[in-house]
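K.L.:
Got a sequence here, can you model it:
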Amino acid sequence: MSDTVLPKPDDMPKAAEAELSVLSCMLIDQTGEYVCQADSILTRNDFWTPMHGLMFRAIVHCWKEKEGCDPTILRHALKASKMFKEGNGDELIHTLLMREPSPSFVEQHAKIVRDSAIRRKGILELTAKRAELYDTEKDPAGTMSEVMSSCASILDSSTDVDIRAYREIADGVYDSVGQAAERGEAFVGLATGFSGWDYVLRGLKPKTVHILAARPKMGKTTLALTVQTNLAKQKVPVGMFSLEMSAEQLVLRTAAQMTGIPLSRIESGNMQGDEWTEYTNTHALIRDYPIYIDDHAGLSVADILNRARQMKSLHKIELLVVDHIGEVWADERHGRTQAISTVVAGLKLVAKTLDIPVLALCQMSRAIEKRDGDDRRPRISDLRDSGRLEEVAETVTFIWYPQLLDPHRPKDAAIEIELYTAANRQGATGCSRMMFDGSRFRFLDIDKSREDAPTQHKPKADKQEPWYADTD
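P.N.:
Next up is the predicted model:
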């Protein structure tokens, strides 16, 4: 039997430069983007230098609990952990601040650190099994099976894998149904706040994509704003990517919705008496709504995933709104339809990765305007460059009001509209009615025939271990 000789530490794969590069980028991060990227790839135990692993965990903790990190906040967290024997990590913090970071390469550097960790674990495991392979009394097939199993475990621990048994899934679903019954809710998921639409949708559930489509200037953004405002009133955090409209415009529209004051008067400040009081009171409310907007234009699906991951980590968002699909950047070398298919598949990945529903806005083609009478009712084929929309989406809903196409309709008149859910994987299709007031950017629920739309229920937060506990 051969003695087991462990490799010398100096001979082990390591990536000290990459570790320092990742940490320096995380420390100067102003938005949390680099922290989220590194946190999605690495754990504390992936770092060769123990102090680097502790510093990594501390920075992530500061962002999750304090929504930011700088040298002072970091020193305070390290001091509270009592993990550094002296200096509270001052020397390492100084080293990180003196480096010239490469934020654009933080993901690549994090993968270098992770790959080095995989190699080290593999070397140690194979070295330990080497002696057993020399032992003629041991079954070599059994030993090799153990080797393969150990290597698979190393890869699994370094890869984002979530395989669950049907028993576990079924038990989870059963518990959810029981909890919904106890709360008296008609379904599980987030409610839009519109009773008729909620009855058809049966809730916006995690890991699903919901399409809301209409022709331009027919209220897609306004309806999405109303949904997220209804949720925000109940303290449900919502994230939004507005690739076309600025965040300031969205806030102005929300103010018009809630006050009932025409947007033009709010924008110009041409409000009188009670209107100013109403606007001031509304401002005090909406400024504290848990709504988080990214209004950068030309984002790709990868950009949205990274930024949404940040929203989820920092603000615990429970719904993501994307306005709109056609403005998400995608490679169009193989045609616009293929590009849209890539975007939609990417949004499904966002929903599944972050375990939240995604409400994605989409434009309809002009084909609907060329049809007559009842034939103008929207169809799935009316989705512009639809690609795989109907395959990936949980539901597809159209905003439909023939009166809007009437050139003789008074521009400022409120009109009745229909929300037509043309596709629904988990339930029935159908229509719900609303009133739309375009000058005030308001949708009002007039369909009171459904009385079982639920109130929101926020689950209790899980009990967490201290950040410095070795739970990776």
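K.L.:
Please point out which parts of stretch 310-317 sit buried.
P.N.:
310-315, 317 (16 or more other CB atoms under 10 Å). (Glycine included, C-beta is placed from N, CA and C.)
K.L.:
Okay, and which of these map to helices?
P.N.:
Taking DSSP state H as the definition of helices, the buried residues of stretch 310-317 contribute 310-315.
K.L.:
Number of residues surrounding the closest residue to Arg44 other than its chain neighbours?
P.N.:
Nearest non-adjacent residue to Arg44, counting by CB to CB, 6 or more residues apart in numbering: Gly53, 4.0 Å away. Look at Gly53: counted by other CB atoms under 10 Å, it has 22 neighbours.
K.L.:
from here on, count from 49
P.N.:
Sure, I'll start numbering at 49, so the last one becomes Gly101.
K.L.:
Gly101 is in contact with Val108, isn't it?
P.N.:
No: applying CB atoms under 8 Å, one finds Gly101 not in contact with Val108, separated by 11.0 Å.
K.L.:
what's the weakest-modelled helix or strand in this protein?
P.N.:
Of all helical and strand segments in the chain, the minimum by mean pLDDT, DSSP states H and E falls on helix 188-205, at a mean of 63.
K.L.:
average pLDDT for the next helix or strand after it?
P.N.:
As assigned by DSSP states H and E, the chain's next helix or strand after helix 188-205 is helix 214-231. Per-residue pLDDT over helix 214-231 has a mean of 75.
K.L.:
pLDDT on the following helix or strand past helix 214-231, on average?
P.N.:
Counting by DSSP H and E, the next helix or strand C-terminal to helix 214-231 is helix 243-249. Here helix 243-249 scores 84 as its mean pLDDT.
K.L.:
Then stretch 169-179?
P.N.:
Stretch 169-179 comes out at a mean pLDDT of 77.
K.L.:
If you count neighbours, what's buried in that stretch?
P.N.:
Quick answer for stretch 169-179 (16+ other CB under 10 Å): 169-170, 173, 177.
K.L.:
which parts of the strand ranked longest in the chain are buried?
P.N.:
Longest strand in the chain by number of residues, with DSSP state E as the criterion: strand 463-472. For strand 463-472, burial by neighbour count (16+ other CB under 10 Å) applies to 463, 465-472.
K.L.:
And for stretch 311-320?
P.N.:
311, 313-314, 319.
K.L.:
Most widely separated two among those?
P.N.:
Put simply, by CB to CB the two of the buried residues of stretch 311-320 set farthest apart are Leu311 and Met319, 11.5 Å from each other.
K.L.:
quick one: Leu467 and Cys479 touch, right?
P.N.:
Yes: using CB under 8 Å, Leu467 is in contact with Cys479, at 6.6 Å.
K.L.:
list the residues that contact both of the two?
P.N.:
Taking CB atoms under 8 Å, 6 or more residues apart in numbering as the criterion, Leu467 and Cys479 both touch 244, 248, 448.
K.L.:
Got the domain ranges for the chain?
P.N.:
According to automatic domain parsing, the chain comprises the domains 57-205, 231-493.
K.L.:
so where's the stretch 199-348 of the chain shaky on pLDDT?
P.N.:
Low-confidence segments of the stretch 199-348 of the chain (pLDDT under 70): 199-212, 228, 231-235.
K.L.:
how about 50 then?
P.N.:
Applying pLDDT under 50 to the stretch 199-348 of the chain flags residues 207-209.
K.L.:
burial of the residue nearest to Ser224 when sequence neighbours are not counted, as a residue count?
P.N.:
Of all residues not flanking Ser224 in the chain, Val236 sits nearest, at 5.4 Å (CB to CB, 6+ apart). Val236 has 17 neighbouring residues, counting by other CB under 10 Å.
K.L.:
For Ala213, see how far away Val236 is.
P.N.:
From Val236 over to Ala213 the distance is 21 Å, taken as CB to CB, to the nearest Å.
K.L.:
Would you mind pulling the contact partners of the longest strand of the chain?
P.N.:
Under CB under 8 Å, 6+ apart, the answer for strand 463-472 is 242, 244-245, 248-249, 267, 425-428, 438, 441-449, 451-452, 457, 477-484, 491, 494.
K.L.:
Of those, which belong to helices?
P.N.:
Those of these lying in helices (DSSP H): 244-245, 248-249, 438.
K.L.:
Output those in JSON lines, with distance to Phe95 appended to each entry.
P.N.:
Listed next are the ones in helices among the contacts of strand 463-472 as JSON lines, based on distance: CB to CB, whole Å:
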{"residue": "Gly244", "distance to Phe95": "54"}
{"residue": "Trp245", "distance to Phe95": "49"}
{"residue": "Val248", "distance to Phe95": "50"}
{"residue": "Leu249", "distance to Phe95": "45"}
{"residue": "Glu438", "distance to Phe95": "46"}
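K.L.:
Can you flag the buried ones in the residues you listed?
P.N.:
244-245, 248-249.
K.L.:
so how many other residues sit close to Pro188?
P.N.:
Using other CB under 10 Å: Pro188 sits among 11 other residues.
K.L.:
Now it: closest residue in space, sequence neighbours ignored.
P.N.:
Leu181 (6.5 Å).
K.L.:
Just send the buried residues of stretch 358-365 back as JSON lines, with distance to Cys410 and pLDDT too.
P.N.:
Formatted as JSON lines, the buried residues of stretch 358-365 follow (distance: CB to CB, whole Å; pLDDT from 0 to 100):
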{"residue": "Gln358", "distance to Cys410": "25", "pLDDT": "84"}
{"residue": "Met359", "distance to Cys410": "21", "pLDDT": "89"}
{"residue": "Lys360", "distance to Cys410": "23", "pLDDT": "89"}
{"residue": "Ser361", "distance to Cys410": "27", "pLDDT": "83"}
{"residue": "Leu362", "distance to Cys410": "28", "pLDDT": "85"}
{"residue": "His363", "distance to Cys410": "25", "pLDDT": "89"}
{"residue": "Ile365", "distance to Cys410": "21", "pLDDT": "92"}
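K.L.:
what's Ser294 sitting at in phi/psi?
P.N.:
phi -70, psi 160 (degrees, to the nearest 10).
K.L.:
quick one: contacts for it?
P.N.:
Per CB under 8 Å, 6+ apart, neighbours of Ser294: Asp343.
K.L.:
how close does it get to Asp371?
P.N.:
12 Å.
K.L.:
next one: Val221
P.N.:
32 Å.
K.L.:
Isn't Val161 up against Asp94?
P.N.:
Yes: here Val161 reaches Asp94: they are 5.7 Å apart, a contact under CB under 8 Å.
K.L.:
how about the strands of the stretch 349-498 of the chain, start to end?
P.N.:
With strands called from DSSP state E, counting those that start in this stretch, the stretch 349-498 of the chain shows them at 367-371, 406-411, 443-448, 463-472, 478-485, 490-493.
K.L.:
so which of the ones you listed gets nearest Ala125?
P.N.:
strand 367-371 (29.3 Å).
K.L.:
on contacts alone, who are the packing partners of the closest one?
P.N.:
Packed against strand 367-371 by the contact rule (3 or more CB pairs under 8 Å, 6 or more residues apart in numbering; DSSP states H and E) you find helix 268-281, strand 286-290, helix 349-363, helix 384-402, strand 406-411.
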